[in-house]
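# just to be clear, the model below is a prediction. Sequence and coordinates:
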Protein chains: 2
Amino acid sequence: MSPRKALDDEPCPVARSVDVIGDRWSLLILRDAFDGMRRFGDFQRSLGVARNILSDRLRKLVEAGILETRAASDGTAYQEYVLTIKGEGLFPVVVALRQWGERQLFARGERHSELIEKSTGQPIPFMSPKAGDGAELAPAETEVRKLR
Amino acid sequence: MSPRKALDDEPCPVARSVDVIGDRWSLLILRDAFDGMRRFGDFQRSLGVARNILSDRLRKLVEAGILETRAASDGTAYQEYVLTIKGEGLFPVVVALRQWGERQLFARGERHSELIEKSTGQPIPFMSPKAGDGAELAPAETEVRKLR
DNA sequence: TCAATCGGTTTCGTTTTGCAACTGGATTGA
DNA sequence: TCAATCCAGTTGCAAAACGAAACCGATTGA
C-alpha cells in the first residue's frame, strides 16, 4: 500500500486542516483539552485509547503547534500538554461538532452533556456562518473562490 | 486487533459526531458536497481517493442520513449523492475547519481558496461561538455541563 | 455496434491500529 | 529506607483499515 498522501501543500484550507486534525483521536483529544485536560494519563483514561496511539497523536499535535508541553502545574516532575494560541483557534471546530451532534445525533428527550457559558450557566447559542451584515448564511448562498 | 469501538452511545455530542464524520475522507467528501459535487466519479477525481474507500464512505454517509442518493439530474441513468437536511447542518463544521486552516496553515502571502458570499463576492466573516448577548466567547469562558 | 465511461466490487499487499507486556523514573507509604 | 505503586511512555504482535490495481456489468457516445 502506498502511504497516506500528505495534504499540506493543498491550496484548500479544509484539506490542510483535515490533514492535521482530521482523525478520531485528535479531535477527541482536542475536545478534552478544551475541557481543561492536560495530563497523559487523564487523556488516556478519558478516551480509552491505546497508550501508543495517544503518544503518537500527542506528539503530532505538538509538532503541529496545536499543543505544547510544559512542566506540570501541580509541582510533580511530569509534564502537561496544553493548547497553544494556534490550538485555541480550533474552538469553533469543536463547538461546531458538538452543536451538530446535539441537534442530530440524540433522540428527542435523550440526555447529553452541554456547553454552557460559565458566567451565566446558559447554553451557548447555535453558531453558524454569517454574512457581512449578520444574516445567517445557507451553504447555497456561498461558494468557494478557487485559486488559479 | 479488536475492532474500533463505536461511540454512538456516548453522552458526549462531540464523540458521536466524530464517530460519524471524524475521518479524513468523510470530511473532504463533505467539503466537496457543500461545493455542489454530487457524482461518484467527480468525488473520486477531486479527492484522489481509492474507489473502494470512496464507495465505503459514501455508503456510510448515506446510512448516517447525511447524504442521500437520487436519480442524476442530468438525465443519465446514474445516481447522485446529495446532502440531506441533516447533512446541511454540518456546514458550520466545514466552515470552521476552513477558517482555521486559512488563518493557521498558510504562510503570509501564500494564496489559498476562499469561501465567499455569492451575492456580494465578499469573504465570509470569521465564525466563532458567541454568548447570549453576542459577545465572543473564549474557551475559558465556557464549560461542559456533564450528564449525571 | 463497439469502444469508452461509469460506478462500483474483489483481491492482495501495506500501513495503521489496538492490546498487552515491558520499562524506567517518580512518588507514596509503611 | 526501601518496596510497592504510579506515571508516561515504548515495544512486539496480531487484527483491521487502507490503497492500488484489476475486474465487472451496465450505460453512454460516436
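Cool, the structure landed.
# how far off centre is stretch A:38-46?
Once both centres are worked out by CA atoms, centre = their mean, to the nearest Å, stretch A:38-46 turns out to sit 16 Å from its chain's centre.
# show me where chain A has its strands.
Using DSSP state E, the strands of chain A run over A:67-71, A:79-83, A:114-117, A:142-145.
# could you dump those strands into TSV and include distance to B:Arg57?
(Glycine included, C-beta is placed from N, CA and C.) Below are the strands of chain A laid out as TSV (distance: least, CB to CB, whole Å):
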stretch	distance to B:Arg57
strand A:67-71	28
strand A:79-83	30
strand A:114-117	28
strand A:142-145	21
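# what does chain A put close to DNA strand C?
A:1-4, A:23, A:25, A:48-53, A:56, A:76-78 (CB under 7 Å from any atom of the strand).
# how about chain A: which residue is closest to DNA strand D?
Per CB to the nearest atom of the strand, A:Gly41 is where chain A lies closest to DNA strand D, at 2.8 Å.
# before we move on, the earlier item: counting neighbours, which of the residues of chain A next to DNA strand C comes out on top?
Using other CB atoms under 10 Å in any protein chain shown as the neighbour criterion, A:Trp25 leads these with 21 neighbours.
# distance check, that one against chain B.
For A:Trp25, the distance to chain B equals 9 Å [CB to the nearest CB, to the nearest Å].
# isn't that residue right up against A:Arg57?
Yes - counting by CB atoms under 8 Å, A:Trp25 touches A:Arg57, with 4.9 Å between them.
# quick one, grab the pLDDT at A:Leu147.
Per-residue confidence (pLDDT) for A:Leu147: 78.
# you'd agree it is up against A:Pro13?
No - taking contacts as CB under 8 Å, A:Leu147 lies outside contact range of A:Pro13: 10.8 Å.
# any residues in contact with both of A:Trp25 and A:Arg57?
Shared contacts of A:Trp25 and A:Arg57 (CB atoms under 8 Å, 6 or more residues apart in numbering or on different chains): A:Val49.
# I'd like to know how many residues surround the closest residue to A:Gly87 other than its chain neighbours.
The spatially closest residue to A:Gly87, leaving aside those adjacent along the chain, is A:Ile66, at 3.9 Å (CB to CB, 6 or more residues apart in numbering or on different chains). Residues near A:Ile66, counting by other CB under 10 Å, number 25.
# ok, now which ones touch A:Ile66?
Contact partners of A:Ile66, counting by CB under 8 Å, 6+ apart, are A:20-21, A:30, A:83-84, A:86-87, A:90.
# tell me the pLDDT of it.
Looking at A:Ile66, its pLDDT stands at 98.
# hey, where'd the helices end up in chain A?
Counting by DSSP state H, one finds helices in chain A at the ranges A:13-21, A:24-34, A:40-47, A:51-63, A:85-88, A:91-104.
# out of these, which comes closest to B:Met127?
The stretch from the helices of chain A with the least distance to B:Met127 (CB to CB) is helix A:91-104; that distance is 5.9 Å.
# check which residues of that closest one are buried.
For helix A:91-104, the neighbour count (16 or more other CB atoms under 10 Å in any protein chain shown) marks A:91-102, A:104 as buried.
# ok so, going back, can you tell me which two in the residues of chain A next to DNA strand C are farthest apart?
Using CB to CB, the two most remote members of the residues of chain A next to DNA strand C are A:Ser2 and A:Thr76, lying 43.4 Å apart.
# so where is chain A shaky, pLDDT-wise?
A:148 (pLDDT under 70).
# need the contact list for the closest residue in space to A:Phe106 that isn't next to it in sequence.
Using CB to CB, 6+ apart and skipping residues adjacent in sequence, the residue nearest A:Phe106 is A:His112, 5.2 Å away. Counting by CB under 8 Å, 6+ apart, A:His112 touches A:101-102, A:106, B:11-13, B:147.
# ok, A:Gly89 next?
By CB under 8 Å, 6+ apart, the contact set of A:Gly89 is B:100, B:103-104.
# near DNA strand D at all, stretch A:62-82?
Yes - Stretch A:62-82 reaches DNA strand D (CB under 7 Å from any atom of the strand) through A:72, A:78-79.
# can you give me the end-to-end span of that stretch?
For stretch A:62-82, the first-to-last residue distance is 9 Å (CA to CA, to the nearest Å).
# how about stretch A:59-67?
Using CA to CA, the end-to-end distance of stretch A:59-67 comes to 9 Å.
# next, count neighbours for A:Asp74.
Residue neighbour count, defined by other CB under 10 Å, stands at 9 for A:Asp74.
# mind checking how far the nearest residue to A:Gly101 once chain neighbours are set aside is from A:Leu105?
Leaving out its chain neighbours, the residue that sits closest to A:Gly101 by CB to CB, 6+ apart is B:Pro13, at 2.9 Å. Between B:Pro13 and A:Leu105 the distance, using CB to CB, to the nearest Å, works out to 6 Å.
# alright, calling it a day.
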